[in-house]
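1. got a predicted structure here, sequence first:
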There are 2 protein chains.
Amino acid sequence: MSALEGLVVQRSTAAQQVAAGLASRIVAGAFAPGDRLRESAIATELGVARNTVREAVRILEQSGLVQYEVNRGAVVISPTPEKVDALYTARELLETAAVSRPVREPELAALKTAYDKLVEAAASHDVLRIVDLDLAFHSAIVATLRSSRLDEFYAELMVELRFYLTVLSLEDREFEHPDDVLAEHRAILEAIESGDTATAVEQVRSHIESNARRVIEILNGRD
Amino acid sequence: MSALEGLVVQRSTAAQQVAAGLASRIVAGAFAPGDRLRESAIATELGVARNTVREAVRILEQSGLVQYEVNRGAVVISPTPEKVDALYTARELLETAAVSRPVREPELAALKTAYDKLVEAAASHDVLRIVDLDLAFHSAIVATLRSSRLDEFYAELMVELRFYLTVLSLEDREFEHPDDVLAEHRAILEAIESGDTATAVEQVRSHIESNARRVIEILNGRD
DNA sequence: TACAGCGCAACTGTTCTACAGTTGCGCACA
DNA sequence: TGTGCGCAACTGTAGAACAGTTGCGCTGTA
């Protein structure tokens, strides 16, 4: 085993940095759904060539936050009931499948850690942080399936969901009662720890479905 | 309901066409794992600008068939035991989850159709076509979950798997005995039709796991 | 023989300029 | 009211140019 075990050089090109920057702005709500990403504006503002921005936007497209339309360029995605439904269906499938089987040790420990961090965050009343750690807890659930492919897929879902929550200003409402959130997650964790898979599945299902319902209702209630 | 119901204009840019072309060449085995996609060579050969090729390759990257390495450009992915394992784990999860619940009518019909086409193909002894319809049958299984998100994800997995099968020249061996393949798929279909979810899950699991084992064994047996 | 150092050719990453084609919008005109 | 035209803004694409990186072979040296 090498003395350099685990050392990897992280180089990145201008295009990758622009893509990452755009992604974080979008998730933070700096762009609204349906907004176009104008290449020349971004290019001049960031001091890079339009080509580079084009490439950045193609990279960004992989995150699912923007979609290309021919002759209109990149457009920020919009939440629709269908998309949100498909997203939550996928989410529910992965998570219920994950908790329907016994969770092994390293992943169980990771789950506990994730829950503990969520508890801390809840005390801090930093809403954005709470949401992030909430999602991180659920990522830890999916990680018990031990497939990097599934982890990556789930991460994509969460990026998109994160954006929708921002757009709908849902972070606020979701944590009117951080205690409820904690209680639900604790119930899930306890069911997993005790090996009671049937209960765990039901807890996860109802947790996700109630969230999905709320998002879709708010979506339908707009305009 | 409009008289133009379902009509959508399918425009595509040069970059998209180049990306699609490259993708089909790669899957067909025209590029080997680890091969670099040289921008200028492709550009001059196709009579497009290097910029356009760069964009095409970024689009191609979304299919998962190539990966970028800084200062080396796009490199065709290589099958590794870890990647193949993660892929099959994801596949097994989706498909077993799909058949563990009752399949409703439109999807059941689609499954039967997919199976019938597979039977036809098996008679034709056109190996590539058999593989495609085999994968299509499994896509139909995932489609019963009714989430476009899952469908898209599964499609990605299948593109990658398709490439690995080509690389390992597995199409040949897999269909030494098309009858066995048909039998396995028929068993799955029958279990689904009869509503015997437990059997369906077991059929699907063993089908996928035996395939996974074979691919990984061959992978380990090389060099 | 092994190997460090150098140099060169081939590429990638990036910029800049240019231009045809498309879209969106407002204005004039019917 | 609505149709058509024209213009401005942008996208899609091309092409040339150049710095920085990589891979590889050659050369001289231990």
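-> Yep, that arrived.

2. lowest average confidence, helix or strand, in chain A?
-> helix A:170-174 (a mean of 68; mean pLDDT, DSSP states H and E).

3. how far off centre is the next helix or strand after that one?
-> Next along the chain after helix A:170-174, taking DSSP states H and E as the criterion, comes helix A:178-193. Mean C-alpha position of helix A:178-193 versus that of the full chain (C-alpha atoms, centre = their mean, to the nearest Å) differs by 19 Å.

4. again, but for stretch A:99-108
-> For stretch A:99-108 - counting by C-alpha atoms, centre = their mean - the centre lies 21 Å from the chain centre.

5. for chain A, what spans make up the helices?
-> Ranges of helices in chain A, per DSSP state H, are A:14-27, A:39-46, A:50-61, A:81-99, A:105-124, A:127-143, A:148-167, A:170-174, A:178-193, A:197-221.

6. which other helices and strands does the fifth one contact?
-> Counting contacts by 3 or more C-beta pairs under 8 Å, 6 or more residues apart in numbering or on different chains; DSSP states H and E, helix A:105-124 is packed against helix A:127-143, helix A:178-193. Just so you know, the C-beta spots here come from the backbone N, C-alpha and C atoms, and that holds for glycine as well.

7. ditto for the last one
-> Secondary-structure packing of helix A:197-221 (3+ C-beta pairs under 8 Å, 6+ apart): helix A:81-99, helix A:170-174, helix A:178-193.

8. measure how buried A:Ala19 is and give me the count.
-> The number of residues packed near A:Ala19 is 25, by other C-beta atoms under 10 Å in any protein chain shown.

9. please apply the same query to A:Glu105.
-> 7.

10. in stretch A:117-135, which residues are buried?
-> A:Lys117, A:Leu118, A:Ala121, A:Ala122, A:Ile130, A:Val131, A:Asp132, A:Leu133, A:Asp134, A:Leu135 (16 or more other C-beta atoms under 10 Å in any protein chain shown).

11. so what's the fifth one closest to, chain neighbours aside?
-> On the basis of C-beta to C-beta, 6 or more residues apart in numbering or on different chains, the spatially nearest residue to A:Ile130 that is not a chain neighbour turns out to be A:Ala121, at 4.7 Å.

12. what's the answer for A:Pro178, then?
-> Nearest non-adjacent residue to A:Pro178 (C-beta to C-beta, 6+ apart): A:Ala122, at 4.2 Å.

13. hang on, that neighbour packs against A:Asp134?
-> No: using C-beta atoms under 8 Å, A:Ala122 makes no contact with A:Asp134, being 9.3 Å away.

14. what residues are up against the residue nearest the centre of chain A?
-> By C-alpha atoms, centre = their mean, chain A has its centre lying nearest to A:Met158, at 1.9 Å. Shown in contact with A:Met158 (C-beta atoms under 8 Å, 6 or more residues apart in numbering or on different chains): A:Leu135, A:His138, A:Ser139.

15. go again with 10 Å.
-> Residues near A:Met158 by C-beta atoms under 10 Å, 6 or more residues apart in numbering or on different chains: A:Leu87, A:Arg91, A:Asp132, A:Leu135, A:Ala136, A:His138, A:Ser139, A:Val142.

16. and for A:Tyr68?
-> A:Leu37, A:Val57, A:Arg58, A:Glu61, A:Ala74, A:Val75, B:Thr13, B:Ala15, B:Gln16, B:Ile59.

17. what of A:Gln67?
-> A:Glu61, A:Ala74, A:Val75, A:Val76, A:Ile77, A:Ser78.

18. how is chain A divided into domains?
-> Following automatic domain parsing, one gets these domains for chain A: A:14-76, A:81-221.

19. among the contacts of A:Tyr68, the buried ones, what's the PyMOL command?
-> Selection of buried members from those for PyMOL, criterion 16+ other C-beta under 10 Å:
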select buried, (chain A and resi 37+57+58+61+74+75) or (chain B and resi 15+16+59)
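
20. can you lay out the contacts of A:Tyr68 as a markdown table showing pLDDT and distance to DNA strand C?
-> A markdown table is the format used below for the contacts of A:Tyr68 (pLDDT from 0 to 100; distance: C-beta to the nearest atom of the strand, whole Å):
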| residue | pLDDT | distance to DNA strand C |
| --- | --- | --- |
| A:Leu37 | 98 | 15 |
| A:Val57 | 98 | 13 |
| A:Arg58 | 98 | 12 |
| A:Glu61 | 98 | 16 |
| A:Ala74 | 98 | 14 |
| A:Val75 | 98 | 10 |
| B:Thr13 | 96 | 10 |
| B:Ala15 | 98 | 14 |
| B:Gln16 | 98 | 15 |
| B:Ile59 | 98 | 14 |
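
21. ok, back up a step: ranking the domains of chain A by mean pLDDT, which is last?
-> Of all the domains of chain A, mean pLDDT reaches its minimum on domain A:81-221 (a mean of 93).

22. gap between that one and the chain center?
-> Distance, centroid of domain A:81-221 to centroid of chain: 10 Å (C-alpha atoms, centre = their mean).

23. just the residues contacting stretch A:11-20, thanks.
-> A:42-43, A:46-49, A:51-63, A:65, B:54, B:58, B:68-71.

24. keep only those residues that also lie close to DNA strand D.
-> A:Asn51, A:Arg54, B:Val70, B:Asn71 (C-beta under 7 Å from any atom of the strand).

25. filter the residues you listed to the buried ones?
-> A:Arg54.

26. which one of the ones next to DNA strand D among the contacts of stretch A:11-20 is nearest to A:Ala198?
-> Nearest to A:Ala198 among these: B:Val70, at 48.3 Å, using C-beta to C-beta.

27. how about the closest one: what's its closest non-neighbour residue?
-> Nearest to B:Val70 is A:Arg11, by C-beta to C-beta, 6+ apart, at 4.6 Å.
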